[in-house]
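*Asks:* Predicted model and sequence below, questions to follow.
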Amino acid sequence: MIVCVAVVGHQNNPLYIQSFTDADDALKLHHIVHCSLDVVDERVNNPKKSGPTLNETFLGLLYPTENYKVYGYLTNTKVKFILVTTDLDVKDADVRNFFRRFHAGYVDAISNPFHEPGKKITSKTFAEKVSTIVKSFGFSSTG
Amino acid sequence: MKQSQSSEKKRERERERERMGREVSESCVDSLLTEMVSMYCNRLYANKPELAASRIDAIGYQVGHQLSERYTMERPRFTDHLDAIKFICKDFWSELFKKQIDNLKTNHRGTFVLQDNRFRWLSRMSLDPSAENGDVSQENSEASAENKAAQVPNMHLHFSCGVIKGALHNLGIACAVSADTSHLPACSFVVRIKP
């Protein structure tokens, strides 16, 4: 289950962050997202480690914690997408598919002429789309 | 079982929608562009051409900014400036104008010249008819008419310059873009990357 998704701008400014748990752990999830930004920077600035996958938008598993797995995605325009999930056996293809659809939703949201670049995304349509994608996550392989 | 089937169908429909692009009629864009330029030049900022130019440029900037996000969606990140410029010349231009830039020159020090031999947004533009009518005081009127004829496409080009600038800015490249139309309908854009 996905517990949190976030969009972070090119200056590491939060553009959109949404958690999907009933429990009161939003702060903890925000902290995890915040920590993952350093890992993203490290991946991008030390291309040796990432080897052949250099410059791909999908950054893969950023770091595992006890209860969560954190995945990252960096667009050409230096916008980061972070995904926190509690599933411990996630298929890479599922995550790629998730990010691809998420990116499409993000592009639609910022193409709104009333959206100001660099400001938080407040679009309700975007929020709905995200929750749809989040709900359907993991079904493509099992359902 | 039923539920999973219906959700599968729903997903299929969504995928379908994602594949389908929404298209805009070319003549609509042409008319919109012409109308926008005349609105800013003749009505809003009739006496301040510089201000009109910067406003038109800003509109183009926003368009380029948003389009570059969309068109770079499924590709790896760029390694250097040349990569990004090549993207503008090939993919970005193909998406906008159904053709690629015809010629790209660079001095390898941050200046790029992008030449389009038949720029779509100018190809249907005619020059000011007063340039052909002629007058008694030929020299003077010809010079001013030529001047005016040169000014009109330049106003239109502020929009295209803005589009290129916005796209490159969004890809993390700060630059200044200017355009030259000495040989209509050919058009060249000069991109100067700020160090």
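*Replies:* Nice, I can see it. Residues are numbered from 1 along each chain as shown, chains lettered A, B, ... in the order given.

*Asks:* So for residue 22, what's the pLDDT?
*Replies:* You didn't pick a chain, so chain A it is. The model reports residue A:22 with a pLDDT of 76.

*Asks:* I was after chain B.
*Replies:* Reported pLDDT at residue B:22 in the predicted model: 62.

*Asks:* neighbours around the closest residue to residue B:174 other than its chain neighbours, how many?
*Replies:* Once flanking residues are discounted, residue B:174 sits nearest to residue B:194: 4.5 Å by Cβ to Cβ, 6 or more residues apart in numbering or on different chains. Using the backbone N, CA and C atoms, a C-beta is placed for each residue, glycine as well. Per other Cβ atoms under 10 Å in any protein chain shown, the neighbour tally for residue B:194 reads 8.

*Asks:* Next one: residue B:194 from residue B:70, what distance?
*Replies:* Distance from residue B:194 to residue B:70, counting by Cβ to Cβ, to the nearest Å: 25 Å.

*Asks:* what's the neighbour count on residue A:75?
*Replies:* Residues near residue A:75, counting by other Cβ under 10 Å, number 22.

*Asks:* For residue A:72, see how far away the residue nearest to it when sequence neighbours are not counted is.
*Replies:* Distances taken as Cβ to Cβ, 6+ apart place residue A:57 nearest to residue A:75, at 6.0 Å, with adjacent residues excluded. Per Cβ to Cβ, residue A:57 is found 10 Å from residue A:72.

*Asks:* same question, residue A:36
*Replies:* Taking Cβ to Cβ as the measure, residue A:36 falls 6 Å from residue A:72.

*Asks:* anything in contact with each of these two?
*Replies:* Counting by Cβ atoms under 8 Å, 6 or more residues apart in numbering or on different chains, the residues touching both residue A:36 and residue A:72 are A:62, A:82.

*Asks:* So for the two, which sits in the more crowded spot?
*Replies:* Neighbours per residue (other Cβ under 10 Å) separate residue A:36 from residue A:72, with residue A:72 holding more: 26 against 22.

*Asks:* Tell me if I'm right that that one and residue A:81 touch.
*Replies:* Yes: look at residue A:72 against residue A:81 with Cβ atoms under 8 Å: they come within range, at 7.0 Å.

*Asks:* Would you state the helices of chain A in chain order?
*Replies:* With DSSP state H as the criterion, chain A has helices at A:26-45, A:47-50, A:92-110, A:124-136, A:139-142.

*Asks:* again with chain B
*Replies:* For chain B, the helices defined by DSSP H occupy B:2-19, B:26-38, B:49-71, B:81-87, B:93-97, B:120-123, B:130-133, B:138-170.

*Asks:* Now do the residue of chain A found nearest chain B, the pLDDT please.
*Replies:* Among the residues of chain A, residue A:76 lies nearest to chain B; the distance is 3.7 Å by Cβ to the nearest Cβ. Note on residue A:76: pLDDT of 86.

*Asks:* What of residue B:180?
*Replies:* Looking at residue B:180, the pLDDT reads 83.

*Asks:* pLDDT wise, what is residue B:60 at?
*Replies:* 90.

*Asks:* Surely it and residue B:160 touch.
*Replies:* Yes: using Cβ under 8 Å, residue B:60 is in contact with residue B:160, at 6.5 Å.

*Asks:* Give me the distance between residue B:108 and residue B:54.
*Replies:* From residue B:108 over to residue B:54 (counting by Cβ to Cβ), the distance is 30 Å.

*Asks:* which one of the two has more residues nearby?
*Replies:* Neighbour tally, residue B:108 and residue B:54, criterion other Cβ under 10 Å: the higher count belongs to residue B:54, 15 against 7.

*Asks:* and the more buried one, what is it in contact with?
*Replies:* By Cβ under 8 Å, 6+ apart, the contact list for residue B:54 reads residue B:158.

*Asks:* Please give me every residue in contact with residue 73.
*Replies:* Went with chain A since none was named. Shown in contact with residue A:73 (Cβ under 8 Å, 6+ apart): A:57, A:58, A:59, A:80, A:81, A:82, A:83, A:99, A:102, A:103.

*Asks:* that's the wrong chain, I meant chain B
*Replies:* With contacts defined as Cβ under 8 Å, 6+ apart, residue B:73 is in contact with A:75, A:103, A:104, A:107.

*Asks:* before we move on, what about residue B:34?
*Replies:* Under the criterion of Cβ under 8 Å, 6+ apart, the neighbours of residue B:34 are residue B:156.

*Asks:* How about the one 3 residues further on?
*Replies:* Residues near residue B:37 by Cβ under 8 Å, 6+ apart: B:56, B:155, B:156, B:159.
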